[in-house]
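Novice: Mind folding the following:
(chains A and B)
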Protein chains: 2
Amino acid sequence: MAVPKGKKVLRLDTICPQVREVRYAVRGEIAIRAEELKKELEKKGSNLPFKEIVNINIGNPQQLKQKPITFFRQVASLVEYPDLLLDENKDKVSLLFPTDAVERAKTLVDACGGSVGAYSHSQGIPHIRKNVAKFIEERDGYPADMNKVFLTMGASAGVQLALRFIIENSKVGIMIPIPQYPLYTATLSLYDGQAVPYYLDEENAWSMDIGELKKSVDEARQKDIDVRALCIINPGNPTGQCLTEQNMREVIEFCQRERLVLLADEVYQENIYMPSTRPFHSFKKVLKSMGPSFDDVELISFHSISKGMIGECGRRGGYFELQGIEQEVVDQIYKISSVSLCPNVQGQIMVDLMVNPPKPGDESYDLYTQEIDAIYQSLKRRSDLLCDAFNKLEDVTCNKAEGALYLFPRVRLPEGAIKAAAEAGKNPDDFYALAMLNGTGVCVVPGSGFGQEKGTYHFRATFLPPEELFSEFIDLLKRFHQDFMDKYRY
Amino acid sequence: MAVPKGKKVLRLDTICPQVREVRYAVRGEIAIRAEELKKELEKKGSNLPFKEIVNINIGNPQQLKQKPITFFRQVASLVEYPDLLLDENKDKVSLLFPTDAVERAKTLVDACGGSVGAYSHSQGIPHIRKNVAKFIEERDGYPADMNKVFLTMGASAGVQLALRFIIENSKVGIMIPIPQYPLYTATLSLYDGQAVPYYLDEENAWSMDIGELKKSVDEARQKDIDVRALCIINPGNPTGQCLTEQNMREVIEFCQRERLVLLADEVYQENIYMPSTRPFHSFKKVLKSMGPSFDDVELISFHSISKGMIGECGRRGGYFELQGIEQEVVDQIYKISSVSLCPNVQGQIMVDLMVNPPKPGDESYDLYTQEIDAIYQSLKRRSDLLCDAFNKLEDVTCNKAEGALYLFPRVRLPEGAIKAAAEAGKNPDDFYALAMLNGTGVCVVPGSGFGQEKGTYHFRATFLPPEELFSEFIDLLKRFHQDFMDKYRY
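Specialist: Numbers count the residues shown, from 1 in each chain, chains lettered A, B, ... in the order given. Sure, this is the predicted structure:
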């Protein structure tokens, strides 16, 4: 049965087929082409029609020059080098760091047992989980239990862990929104579960339609798919919607009625651009507000340090909170977490800072609030600017971003473009996005990477580039789009 | 088909069965009992017969007061807080940090694209992969390709990824040493592969016996197991052996003959305590030294920042290098890595420091070599001290640690103890280790967590506690062991 000599053991046709099936467009063909173009731009004498690659394909704020929060980084710096916390260095350290950052760093190093280089508790440092629980309580007005909080290496790792648990076998189905962040479909491929898609309602600001959910679950169950969970990203990625409390209540009732675990990806909870009409509500809060008759609903809520105004993506930190999950399942989650030893401590520390920032009266409070507010206001302005620009393009419509970091405009492509795409062996939206990249250096993600209603074409764009670059790249986009439409118009 | 009302969707009997089957003793029953005892000790008026828990169950050096390497932590500190790298702060910063640390931090922040908070390349920051390749070349004297290096969140994440790829279906078998670090069996359970055990030869310093390997693979293939890979941990965990070059050559020939991917877990490559008689050789080097007729052998080698003299476990950093792996498989590894976005940047930075430490002439060189040498010499002394102490216990024998951080003594338990264990519903070695913990506060891992030949009983102990505590806890162990033997002697 051994592999014959002359052939490798590991080949495309012998690796785990679920691995092979995974698709992940955010870092797919277009992103790889952007890397190539970046290298070409670095060469002398490149004659590309643009001067730089504008990466609006991925929510990576600090890559696009968003400044980290000073207090957070001061603490991150201090915990690393124990000498900075010694009394004998106090005077020198005070020239560079505020006192509250030093105090926080001491607390955190103690909470790590004396060093940020040691493995921590596999579920996350207890002191930090306690602060997470307190943060949730203050946010929602309902109790939270630190023993139901697991720190993770980013929300992605948490989502992957939860899906791993729920997928008992290949008949198990998980409801996912379309469009969706492709982590969900990729993970379902990997774990051999069934994706049960439901469509968000583009005409109604990408809201969730309970009739659509019901139709989706019924159809899947008729096909013998054992549907066990529903995923929702709120605020939405790539769609930017922020669900109303009423809509969320309906979703919770639906999950209870249909016996579905609710997975709430709430990593954009701070990125709320219409706070008076579309405030953020956590699913935990709405569930608790519905009274004890909903206590049986199983909810897993995810959060992250990568988004918000923090944007510490590369550090890989986050958490999930369990609500209504059996203790014997919690114990299993702990066991599996322990095989990977612990989430990285530097990510855990940033979670502590996120959930427990400087308070009024603290030395760093003013700077902290200034920084957060400046980033927030600028994101809000940029989201409006880009949305307006998209809506001004011929045959393009774009919902406003109520939240998150993305716009997901719909492009009505001319027949000629659809035909040319087919001839090139590409999806029409891939074809459009590739043309945009090659013509302008602007890198977006085609809608097919997230899923979209048949016959509709979209792309996802972040509004993260520095504000001062906006008019230039919007200009490039305008010209590209007009040329493209003109070229393929019949 | 929906789960009936009144029952949870997620229960022990409905979660993924592979998750349920996972066993991971390093953080199992005994470790949990140790946590309970720790809490009891913190209470006033505890009347336990010891004053503290000595955690020699897990290779977590900094938990046991091993000091981090100063230069590494200075750089880790500087990269976090960009203000420290500004020219205007140069004078103040120079009061606390040496110039070479500042220079390195600048280089690394540039390599991250300006911020350690941004997602990096999914395979790891190219600058750091280049340094890893250089390190491998200098270590081995053979070329290494940065495009065949993947940075990971610790070696565990790398091993899990490799096993995920190799296990095409549930008939695929992976050869693992017994005793083994339970990451391997846990991951095989999770991915539904077959563990194909082979025994290390305790009588011959835990070496690999090719006859034993052949017997193991033949027996498995007769049972229709599709054996595709062989894992080896060298230096060994929990066994501490350091393989001879001759033995490694035989293993490589065996892998070529039997068409097996070789997975070489080399995280303890710096922990070598008999360097003249048992130096470390990497499998990559030995393979390359065997000439082009072995170029078809598929090898994946793992390394980590958690061990060596660095011991930065909590940071989760490491890498693997691919040798002889098809490019189409490398592309798939990249795709899967991209779903998790990137390894945490703080772990990547420590990988850079590990593979590219201060050089002679650098400002920090002397301190760096002093620190590394002091830790190394102390580990060497401690491994001898503990090994001698074990060998002096009645009916205990222990091989010397040629490498790694562990001893794995064998205890010949009296019949009475085996009977008492059976009555308590426990493995004899679990029974012994639990008695040790309850009697002394010393926490070890029973041999059954790693696997051992039938009818033999072992435990794993690190020699990481501070040297000044050694005589006290060795004394406690001696008294416990004698009492235990006396109690259960017929």
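Novice: May I see the buried residues of the longest helix along chain A?
Specialist: Taking residue count as the measure and DSSP state H as the definition, the longest helix of chain A comes out as helix A:365-392. Neighbour counts using 16 or more other Cβ atoms under 10 Å in any protein chain shown place A:368, A:371-372, A:375-376, A:378-380, A:382-383, A:386-387, A:389-390 of helix A:365-392 among the buried residues. Glycine gets a C-beta too; all of them are placed from N, C-alpha and C.
Novice: Go through stretch A:135-149 and flag the buried ones.
Specialist: Those buried within stretch A:135-149 under the rule 16+ other Cβ under 10 Å are A:135-136, A:139-140, A:144, A:146, A:148-149.
Novice: so where do the strands sit in the stretch 151-300 of chain A?
Specialist: Per DSSP state E, counting those that start in this stretch, the stretch 151-300 of chain A carries strands over the ranges A:172-178, A:194-199, A:226-233, A:261-265, A:299-304.
Novice: State the mean pLDDT of the second one.
Specialist: Per-residue pLDDT over strand A:194-199 has a mean of 96.
Novice: The shortest one now?
Specialist: Taken as a whole, strand A:261-265 has a mean pLDDT of 98.
Novice: Point out the other helices and strands that it packs with.
Specialist: For strand A:261-265, the helices and strands in contact under the criterion 3 or more Cβ pairs under 8 Å, 6 or more residues apart in numbering or on different chains; DSSP states H and E are helix A:154-166, strand A:226-233, helix A:245-258, helix A:283-289, strand A:299-304.
Novice: Just send these back as CSV, with distance to chain B too.
Specialist: Rendered in CSV, the data for the helices and strands packed on strand A:261-265 read as follows (distance: least, Cβ to the nearest Cβ, whole Å):
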stretch, distance to chain B
helix A:154-166, 5
strand A:226-233, 5
helix A:245-258, 6
helix A:283-289, 15
strand A:299-304, 9
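Novice: right, and these - which one's nearest residue B:476?
Specialist: Between residue B:476 and these, the tightest spacing by Cβ to Cβ is seen for helix A:154-166, at 38.9 Å.
Novice: just checking, what packs against the closest one?
Specialist: Helix A:154-166 makes packing contacts with strand A:149-152, strand A:172-178, helix A:183-190, strand A:226-233, strand A:261-265, strand A:299-304, strand A:318-323, helix A:327-339 when contacts are defined by 3+ Cβ pairs under 8 Å, 6+ apart.
Novice: got the contact list for residue A:208?
Specialist: With contacts defined as Cβ atoms under 8 Å, 6 or more residues apart in numbering or on different chains, residue A:208 is in contact with A:177, A:198, A:200-201, A:232, A:243, A:247, A:250-251.
Novice: And residue A:353, by the same measure?
Specialist: Taking Cβ under 8 Å, 6+ apart as the definition of contact, the neighbours of residue A:353 are A:69, A:71-72, A:75-76, A:104.
Novice: sec struct for it, please.
Specialist: Classification of residue A:353 using DSSP: H, G, I helix; E, B strand; the rest coil returns helix.
Novice: Model confidence score at it, please.
Specialist: Turning to residue A:353, the model gives it a pLDDT of 98.
Novice: what bits of the stretch 351-490 of chain A have low per-residue confidence?
Specialist: Scanning the stretch 351-490 of chain A with the threshold set as pLDDT under 70 gives no residue ranges.
Novice: Check it for the residue nearest chain B and tell me.
Specialist: In the stretch 351-490 of chain A, the residue that lies nearest chain B is residue A:464 (10.9 Å; Cβ to the nearest Cβ).
Novice: Report the rounded mean pLDDT for stretch A:241-255.
Specialist: Within the predicted structure, the mean pLDDT of stretch A:241-255 is 96.
Novice: Restrict it to CA atoms and write it as PDB.
Specialist: Taking only C-alpha atoms (Å, rounded to 0.1, in the frame of the first residue of the first chain), the coordinates of stretch A:241-255 have been written out as PDB:
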ATOM      1  CA  GLN A 241     -25.300  46.500   8.400                       C
ATOM      2  CA  CYS A 242     -26.100  47.000  12.000                       C
ATOM      3  CA  LEU A 243     -29.100  45.000  13.000                       C
ATOM      4  CA  THR A 244     -32.100  46.500  14.800                       C
ATOM      5  CA  GLU A 245     -33.000  45.200  18.300                       C
ATOM      6  CA  GLN A 246     -36.300  44.000  16.900                       C
ATOM      7  CA  ASN A 247     -34.600  42.100  14.100                       C
ATOM      8  CA  MET A 248     -32.300  40.500  16.600                       C
ATOM      9  CA  ARG A 249     -35.200  39.400  18.800                       C
ATOM     10  CA  GLU A 250     -36.700  37.700  15.800                       C
ATOM     11  CA  VAL A 251     -33.500  35.900  15.100                       C
ATOM     12  CA  ILE A 252     -33.200  34.700  18.700                       C
ATOM     13  CA  GLU A 253     -36.800  33.400  18.600                       C
ATOM     14  CA  PHE A 254     -36.100  31.700  15.300                       C
ATOM     15  CA  CYS A 255     -33.000  30.000  16.800                       C
END
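Novice: Give me the nearest residue to the residue most central in space within chain A, chain neighbours excluded.
Specialist: Centrality entry for chain A: nearest residue to the mean C-alpha point is residue A:267, 5.9 Å, by Cα atoms, centre = their mean. Excluding its sequence neighbours, the residue lying closest to residue A:267 (Cβ to Cβ, 6 or more residues apart in numbering or on different chains) is residue A:304, at 4.1 Å.
Novice: Tell me the bridge partners for that neighbour.
Specialist: With DSSP bridges applied, residue A:304 shows beta-bridge pairing to residue A:318.
Novice: was I right about it contacting residue A:318?
Specialist: Yes. Contact criterion Cβ atoms under 8 Å: residue A:304 and residue A:318 qualify, at 3.9 Å.
Novice: Quick check: neighbours shared by those two?
Specialist: When Cβ under 8 Å, 6+ apart defines a contact, the residues bordering residue A:304 and residue A:318 alike are A:154-155, A:267.
Novice: thinking again about what came up before, and the helices and strands packed on strand A:261-265 as JSON lines, adding distance to residue B:128 and mean neighbour count?
Specialist: Output for the helices and strands packed on strand A:261-265, formatted as JSON lines (distance: least, Cβ to Cβ, whole Å; neighbours: other Cβ atoms under 10 Å in any protein chain shown):
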{"stretch": "helix A:154-166", "distance to residue B:128": "19", "mean neighbour count": "24"}
{"stretch": "strand A:226-233", "distance to residue B:128": "32", "mean neighbour count": "25"}
{"stretch": "helix A:245-258", "distance to residue B:128": "43", "mean neighbour count": "18"}
{"stretch": "helix A:283-289", "distance to residue B:128": "39", "mean neighbour count": "21"}
{"stretch": "strand A:299-304", "distance to residue B:128": "24", "mean neighbour count": "26"}
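Novice: Let's have those in TSV, adding distance to residue B:55.
Specialist: Converted to TSV, those look like this (distance: least, Cβ to Cβ, whole Å):
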stretch	distance to residue B:55
helix A:154-166	26
strand A:226-233	38
helix A:245-258	42
helix A:283-289	35
strand A:299-304	31
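Novice: out of those, which comes closest to residue A:489?
Specialist: Using Cβ to Cβ as the criterion, the shortest distance between residue A:489 and those is 35.7 Å, found for strand A:226-233.
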